[in-house]
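K.L.:
Fold the following.
(2 chains)
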Amino acid sequence: MTVKSGRWAALFLAVPLGLYFTFVVGPSLYSFYYGFTDWNFLTGEANFTGLDNFRRLFADADFWSAFQNTIIWTALGLVISVFGGFWLAMALSRLLILERFVKSLFFLPMALSLVVVGFIWTWIYRLDFGFANIVLRMLGYEDLATAWLADRNWALFAVIFAWSWQQVALSMIVFLAGLTSVPKELMEAATIDGARFRHQLNQVIIPSLRPATGVVISLALINSLKSFDIVWVMTGGGPFQQSETLAVLIYRQAFRSYEFGYSSTIAVALFVITLVIIGGSILANRRGAE
Amino acid sequence: MAVYLKKRVAKDFRRQVKSWMLTLAMLGLAAIFLIPAWGVLFTSLRTDADIAFNGVWAPSGNVTVDNYLSLIFDVRVHSYMRNSFLVTIPATIISVAMGTLAGYVIAKLRVRGGNLLLLVIVSGLFIPPQILLIPLFQLFNFMGLYNTLWPMIIVHSAYGLSLCTLVMRNFFDKVPDELLEAALMDGASHPRILWSVALPLSRPALGALATLQFTFIWNDFLYPLIFTRSEEAQTIMVGILSLGGQYSTAFGAQAALSVIASLPTLLVFFIFQKQFIKGLTAGAVKG
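P.N.:
Predicted coordinates:
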């Protein structure tokens, strides 16, 4: 705006950018370098080994299993948060009585840490007194009862479901905020008959929720690709790495096996996967808008 | 006329009933949705003997606050909670303040390369934190900050810049330029305009952002897991796990600990709920 603004801009940006480059950008670049070394934290040895780590990565069954789990997580997480969050928000946005109180009940999981969410759900899944099994027994499906988190087939899905409990709350908040741009009379009129409802859903509600949907999708992707806390608390990645995500594998290689070099290689892989998936979703969203 | 009135009353009544039915249905759904939370709350209020005998979900008449009492007087819990506050409050303030500065510059100062700058800062949102761990671990060891509160404060301030800048820029973008230009004409400097014109206008965005940052930072588990080793520097989320191991069969105490650890974020969330939605609407979704 004025001649002086350049100086102020530099002054305002100095500290934020200094911190950002020192503690976020710089370290990320270092990881790229470490990914090409055989650095072991215990022996302290580090040699540049070229593409060796990447050859190892492509032959590593643990990596492929963690990759598969992460992709399953991302896909399921996306579907559950978009659809669950949308319908929950649609229902909540019509409330006229006790509106704020009822909404705040559905917000609750958002305030909890994934460590606490993990703890809570661990109890739900227990074989002996877990709620899931109590319900199954009550409904007469005794033989379906299992120790969900120790079960090879179910552990991953059990953890994803627990995580979704919080993620749905988050998407719902974003959709609710988006729905405030739709006039309340329109929402109300839409309840009268089915045909009209579908028409308004397609013509009014979904188009006006486009920005909100973009935010929900990005959040779901980002959160599922880096999921660590809740896995670590609930299963540690087990049984037999059946619920191990890439983020957990990176931690395990670095701070359990002390293979800092190889762990960095996997971190680089996760970074590239994130870039591809998020970049793809942004492009798809842009194309859809045109 | 009378018929018309009667019809109207009947319509209003039907409407009322419908509204109530929706509210009741959603309350029922909320009760189911929150079953996991009920479980923790009930467990925390019962003795271990009672839980062992009746199971977690079977109702029993005995309510006790012993689990809470034993934790409230546990010095380790004090230390974990204190550390969490000492990390969360400064890191929340710093990240929001820096996002405000950067967002203001990008939205209002029209510097060359402003869009590129925004892209560089916002792309931090897509950097998985796992890629930072080893270099930061090394750096903090080198700086002599391993096993102190500093790594968490610093990393959250730096990593939070992406989100904070994005939200604040989107908000400042909608503040009309004329307001700031008028202030400039009056001879006000940019810090002064930011402080007394732009900031008061952005209170909803600030409230929402601070709530979000407070929640993220308080609930973080990864950084304290990597950058600390002992009780003096660990935050409550890691503390839950350490203490949990020791109370591994004491479900009541574990549940009470989870409740205590969640109270600050629950309080912040419910106090700022209205602002949070408003800020989200203005800052992120419509932007």
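
K.L.:
do stretch B:114-123 and chain A meet at all?
P.N.:
Yes. Using C-beta under 8 Å from any C-beta of the partner chain, stretch B:114-123 comes into contact with chain A via B:117, B:120-121. In short, each C-beta sits where N, CA and C put it, glycine included.

K.L.:
So which of these is the closest to chain A?
P.N.:
B:Ile121 (6.7 Å; C-beta to the nearest C-beta).

K.L.:
Now tell me what touches the one helix or strand the closest one maps to from outside.
P.N.:
Assessed by DSSP states H and E, B:Ile121 sits inside helix B:114-122. Helix B:114-122 has contacts (C-beta atoms under 8 Å, 6 or more residues apart in numbering or on different chains) with A:13, A:20, A:25, B:102, B:105-106, B:111, B:161-162, B:165-166, B:169.

K.L.:
any idea how far chain B is from A:Val248?
P.N.:
Relative to chain B, A:Val248 is positioned 9 Å away (criterion: C-beta to the nearest C-beta, to the nearest Å).

K.L.:
Can you tell me the closest non-neighbouring residue to A:Ile72?
P.N.:
Leaving aside its chain neighbours, A:Ile72 sits nearest to A:Leu156 (6.7 Å; criterion: C-beta to C-beta, 6 or more residues apart in numbering or on different chains).

K.L.:
that older thread, the helix holding B:Ile121: which residues count as buried?
P.N.:
B:114, B:117-118, B:121-122 (16 or more other C-beta atoms under 10 Å in any protein chain shown).

K.L.:
Turn these into a markdown table, including pLDDT.
P.N.:
Below are the buried residues of helix B:114-122 laid out as a markdown table (pLDDT from 0 to 100):
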| residue | pLDDT |
| --- | --- |
| B:Gly114 | 86 |
| B:Leu117 | 92 |
| B:Leu118 | 92 |
| B:Ile121 | 94 |
| B:Val122 | 91 |
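
K.L.:
Let me know how buried B:Leu161 is, in neighbour terms.
P.N.:
28 (other C-beta atoms under 10 Å in any protein chain shown).

K.L.:
ok, now A:Val15?
P.N.:
15.

K.L.:
Not counting residues beside it along the chain, what's closest to it?
P.N.:
Nearest one to A:Val15, counting by C-beta to C-beta, 6+ apart, is B:Met98 at 6.5 Å.

K.L.:
just checking, the one you found is part of a helix?
P.N.:
Yes. Assessed by DSSP: H, G, I helix; E, B strand; the rest coil, B:Met98 belongs to a helix.

K.L.:
can you pull the contacts of it?
P.N.:
A:15-16, A:19, B:157, B:161, B:164-165.

K.L.:
picking that back up, out of the residues of stretch B:114-123 next to chain A, which comes closest to B:Leu179?
P.N.:
Closest approach to B:Leu179 among these (C-beta to C-beta): B:Leu117, at 23.2 Å.

K.L.:
How much space separates A:Phe106 from chain B?
P.N.:
When A:Phe106 is compared with chain B (using C-beta to the nearest C-beta), they lie 6 Å apart.

K.L.:
Please give the element, helix or strand, for that residue.
P.N.:
Here A:Phe106 is assigned to helix A:99-111, by DSSP H and E.

K.L.:
what are the ranges of the strands in chain B?
P.N.:
Read by DSSP state E, chain B holds no strands at all.

K.L.:
what's around residue 272, how many residues?
P.N.:
In the absence of a named chain, chain A is used. Neighbour number of A:Val272 under other C-beta under 10 Å is 10.

K.L.:
wrong chain, I was asking about chain B
P.N.:
20.

K.L.:
What does the pLDDT read for the residue lying closest to B:Val268 once chain neighbours are set aside?
P.N.:
Excluding the flanking residues, the one nearest B:Val268 by C-beta to C-beta, 6+ apart is B:Phe214, at 5.3 Å. If you check B:Phe214, the pLDDT there is 94.

K.L.:
Next one: B:Phe214 relative to A:Asn153, how far apart?
P.N.:
Per C-beta to C-beta, to the nearest Å, B:Phe214 is found 39 Å from A:Asn153.

K.L.:
ok, the two, which is more surrounded?
P.N.:
B:Phe214 (23 against 10).

K.L.:
Can you say which helix or strand has the residue nearest to A:Ile72 in it?
P.N.:
Judged by DSSP H and E, A:Leu156 forms part of helix A:155-179.
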